[in-house]
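Engineer: Please find the sequence and the predicted model below.
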There are 2 protein chains.
Amino acid sequence: MKVSKLKSLLIRIFKKKGLTHKDALISTKALINAEMVGAYGHGLSRLKMYCDRISKKVINPKPKIKIKKISSSISHIDADDSIGFVAAEIAIKKAIDNAKKTGIALVAVKNSGHYGLSGYYAEQAVKKNMIAIIYTNAPPAVAPQGALKSLFGTNPICFGCPTNSKIPFILDTSISMINRGKIRVAARNNQKIPEGVALDKYGKPTVDPIKALEGVQLPIAGYRGSGLAWMVDILSGVLTGGNHAGKVKDPFDDFSGPQNIGHLFIVFKTNLFVNNFNERISDNIRIIKNLPKIKGIKNIFYPGENKFYRHKKNDKKNIIIKDNIMNDLKKLSENFQ
Amino acid sequence: MKVSKLKSLLIRIFKKKGLTHKDALISTKALINAEMVGAYGHGLSRLKMYCDRISKKVINPKPKIKIKKISSSISHIDADDSIGFVAAEIAIKKAIDNAKKTGIALVAVKNSGHYGLSGYYAEQAVKKNMIAIIYTNAPPAVAPQGALKSLFGTNPICFGCPTNSKIPFILDTSISMINRGKIRVAARNNQKIPEGVALDKYGKPTVDPIKALEGVQLPIAGYRGSGLAWMVDILSGVLTGGNHAGKVKDPFDDFSGPQNIGHLFIVFKTNLFVNNFNERISDNIRIIKNLPKIKGIKNIFYPGENKFYRHKKNDKKNIIIKDNIMNDLKKLSENFQ
């Protein structure tokens, strides 16, 4: 499907669900961006879920989002159970504005939902020549070190930074070794999962995807990743007024109430301490890229480069839509005039 | 040796090297704390190195440290090649002061040196009921993903947070799978090193410590850890005016100039967005600690708990000093009256 056609289709779907044109456009752009960079788990595969949550009144299509000024640098946003995209869009724009005025911004969001890729918002700050650090929590997916039950979300750590080139440095890394979708695919295809990514229900390491689905996923780097996930839960949940400690509902399975996800955005200018940041970051990247490489490795890429290239490549193509998602689109656009 | 005796001995050694009483006390306290929490790699094993660097004029014992006010929240510190402990002590105190006034502080340091444990400084903010995020870079120890040469330091990520109890939440995690000291010990004892922590000089995974010493150490979690290490290098080096991209000198081996390490301190209040942070963090920790546990695991500890208990246990004991370090102490205290 052509991108332009998909775009107008998604906008119509979201508007039919009650979103304003502006909010429908924000949500559409975020979904299409995820498809373009190849992050399909954050793209069209979630469209039906968002629409279902609006129908079941656990996403508010017409939220009254309140922005509370704490100081010139600090803002607190109550997203009123909006679709996450809209809350995050308002938050990153507010953070950029605050940082423009004072050098640094801290913006917390509560009563939000799944907003897709953190990197998508970091990019907006980077385009304004700023650095962004973004945290969000998510429904339980990963067991704390020593626990036999998932509690932490995939709790990404996101960092964006200008590079003095058109390709931003965007680190957007989950703290989960593997995502649940990949385990489900392995189970369907009778494949093993890698060692060290999951435990069975007794807490023993397993490479059997069926046993892993009954057990728990592991964080990256053992106790270190468990600690990082805990940090993200505190920063995005405990601090902001959002849900935390495993209380964020699974958006696909649990329609008993809104998610109340929390996000935290820290944004600051690059030229606070040096007047030649662009030169310094160019040097940094050039030196690292020029290191001797392991046999078979042609290039050292910085975080975000691959996504940028994928986006560029996909820009020229039509978006390929899988059958099951095409079915979603057809059902959701029934009764359009 | 009794702690009180060690303390006065270290103060005398540092003063003999030219530090003021105040700076000698700061440095002594940081070293003894590292011993107390069992972080021996940041304790007395480094004393001779610090003294050697002062003798060779690559640490400045009488630095003229300049604190530049960028805004009420933001400060830039030029540490004038001071011993890292002194620069970091001034920086965290400034960050706490700024955050008290405005809610959030961003303090960058350049021309500093190795400061020991990041967590030691985070604790100071936590004692004032604040959250701290701290980054520092370090001499090359870890290869970027795909590279056959070390460039990133062990670049710790540090996060401290009050817990409504006397035991602070202090995550202080290196992004290196293993530290070089442990590989050296394995080589001496003819032991293998674990799989997945190092490559040989051809870039092949190895469990042979001698081959690993000729090769490179790996970051935690592959490309994810490599990205996190790169993030820390940008935040603490590129942004602050410190060295970066592998230019921080090894303090033990390279006396050709000061290290010019950079640090970044982000500190903020816990009650900016909620008025019941203490209750929320207590709930968070209680829920996670009460999760069902893997067989053989009695307790789920949050980051910092184990260090706290070790410190408490060691408080009541004399400090055990290894022979080689006792020799250092004797040599460094020769000619004392």
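Structural biologist: It's in. Residues are numbered from 1 along each chain as shown, chains lettered A, B, ... in the order given.
Engineer: check whether the worst-scoring helix or strand of chain A on mean pLDDT contacts chain B.
Structural biologist: The helix or strand of chain A with the poorest confidence is helix A:180-188; it has a mean of 84 (mean pLDDT, DSSP states H and E). No. Judged by Cβ under 8 Å from any Cβ of the partner chain, helix A:180-188 stays clear of chain B, getting no closer than 15.3 Å. Where C-beta positions appear, they are placed from N, C-alpha and C, glycine not excepted.
Engineer: Identify the residues contacting that helix?
Structural biologist: For helix A:180-188, contacts defined as Cβ atoms under 8 Å, 6 or more residues apart in numbering or on different chains pick out A:41, A:141, A:191-193, A:198, A:209-210, A:212-213, A:217.
Engineer: Which ones among those residues map onto strands?
Structural biologist: If you go by DSSP state E, the contacts of helix A:180-188 have A:198, A:217 in strands.
Engineer: Contacting chain B as well, which ones from the contacts of helix A:180-188?
Structural biologist: Of the contacts of helix A:180-188, not one also sits near chain B (Cβ under 8 Å from any Cβ).
Engineer: just the contacts of helix A:180-188 now: which is nearest B:Arg286?
Structural biologist: Nearest to B:Arg286, judged by Cβ to Cβ, of the contacts of helix A:180-188 is A:Ala141 at 21.0 Å.
Engineer: And the residue nearest to the closest one when sequence neighbours are not counted, how far from chain B?
Structural biologist: Spatial nearest neighbour of A:Ala141, chain neighbours left out: A:Thr154 (5.1 Å); criterion: Cβ to Cβ, 6 or more residues apart in numbering or on different chains. Applying Cβ to the nearest Cβ, to the nearest Å, the value for A:Thr154 to chain B is 12 Å.
Engineer: Chain A - how does it break down into domains?
Structural biologist: Per automatic domain parsing, the structural domains of chain A span A:1-55+A:311-337, A:66-176+A:219-303.
Engineer: could you pull out the helices for chain A?
Structural biologist: Per DSSP state H, chain A carries helices over the ranges A:3-16, A:21-36, A:47-55, A:84-102, A:118-127, A:180-188, A:209-214, A:223-233, A:277-289, A:305-315, A:323-332.
Engineer: any chance of those helices in TSV, plus mean neighbour count and distance to B:Gly222?
Structural biologist: What follows is the helices of chain A, written out as TSV (neighbours: other Cβ atoms under 10 Å in any protein chain shown; distance: least, Cβ to Cβ, whole Å):
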stretch	mean neighbour count	distance to B:Gly222
helix A:3-16	17	33
helix A:21-36	20	23
helix A:47-55	19	30
helix A:84-102	23	28
helix A:118-127	24	18
helix A:180-188	16	16
helix A:209-214	19	20
helix A:223-233	25	12
helix A:277-289	18	16
helix A:305-315	15	14
helix A:323-332	14	30
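Engineer: so which of the ones you listed comes closest to B:Gly146?
Structural biologist: Going by Cβ to Cβ, the one of the helices of chain A nearest B:Gly146 is helix A:277-289, 9.7 Å.
Engineer: quick one: is the closest one near chain B?
Structural biologist: Yes. Helix A:277-289 is in contact with chain B by Cβ under 8 Å from any Cβ, via A:277, A:280-281, A:283-284, A:287-288.
Engineer: Closest one of those residues to A:Asp52?
Structural biologist: Distance ranking of the residues of helix A:277-289 next to chain B against A:Asp52, using Cβ to Cβ, places A:Ile281 first at 43.1 Å.
Engineer: re earlier: what's the neighbour count on the residue nearest to A:Ala141?
Structural biologist: 24 (other Cβ atoms under 10 Å in any protein chain shown).
Engineer: dump the residue contacts of it.
Structural biologist: Per Cβ under 8 Å, 6+ apart, neighbours of A:Thr154: A:138, A:141-142, A:174-176, A:179.
Engineer: among the helices of chain A, which gets the worst mean confidence?
Structural biologist: Of all those, the minimum mean pLDDT falls on helix A:180-188 (a mean of 84).
Engineer: If A:Lys69 is in a bridge, with which residues?
Structural biologist: As for beta bridges, A:Lys69 partners with A:Ser75 under DSSP bridges.
Engineer: hang on, isn't it packed against A:Ser75?
Structural biologist: Yes. At 5.9 Å, A:Lys69 and A:Ser75 qualify as touching, with contact defined as Cβ atoms under 8 Å.
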